[in-house]
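In: Sequence and predicted structure, then a few things I'm wondering about:
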Amino acid sequence: MNVSLSRLIGSWECQHGGLWFIENTDCATAPQGRGRPCRAASRIAAAFAVAGVGTPWLAHRNGLERTALLAAALAATGLLWRSLAGGTGGLLGGSALALAGMGIGNVILPPLVKRYFP
């Protein structure tokens, strides 16, 4: 079953900056000037991938348990930062930090579970 979010909430635009949603529009075909939020969101999501790539090095250097603790701390700090953010920059920075922690956790949890629950 394919459900489109645009059918549920319709089209809306934020007049004073920020992220917006326009029905049947994606980043590649967005009108001029409206692709910036899509690029910002993709850069923030890249924090998840970059942190995941560096996780084996961190785990080898610090151990599985400390790396898992670091992942939880980064995710919690990022989520707290997002909740206290006063503007778009704080929201995006907190999102990047939280996603970095989640990316590390995504890579580190399977070997950690395998170690303690064989």
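Out: Here it is on my side, so go on.
In: C-terminal to the worst-scoring helix or strand of the chain on mean pLDDT, what's the next element?
Out: Least confident helix or strand of the chain, by mean pLDDT, DSSP states H and E, is helix 5-9 with a mean of 43. Per DSSP states H and E, the first helix or strand lying C-terminal to helix 5-9 is helix 36-62.
In: OK, contacts around I108?
Out: 55, 59, 64, 67-68, 71 (CB atoms under 8 Å, 6 or more residues apart in numbering). The C-beta positions use only the backbone N, C-alpha and C, and glycine is treated the same way.
In: longest single helix anywhere in the protein?
Out: In the chain, with assignment by DSSP state H, the single longest helix is helix 88-116.
In: If you compare the directions of that one and helix 36-62, what angle comes out?
Out: Using axes from the mean of the first three to the mean of the last three CA atoms, to 10 degrees, the inter-axis angle of helix 88-116 relative to helix 36-62 is 40 degrees.
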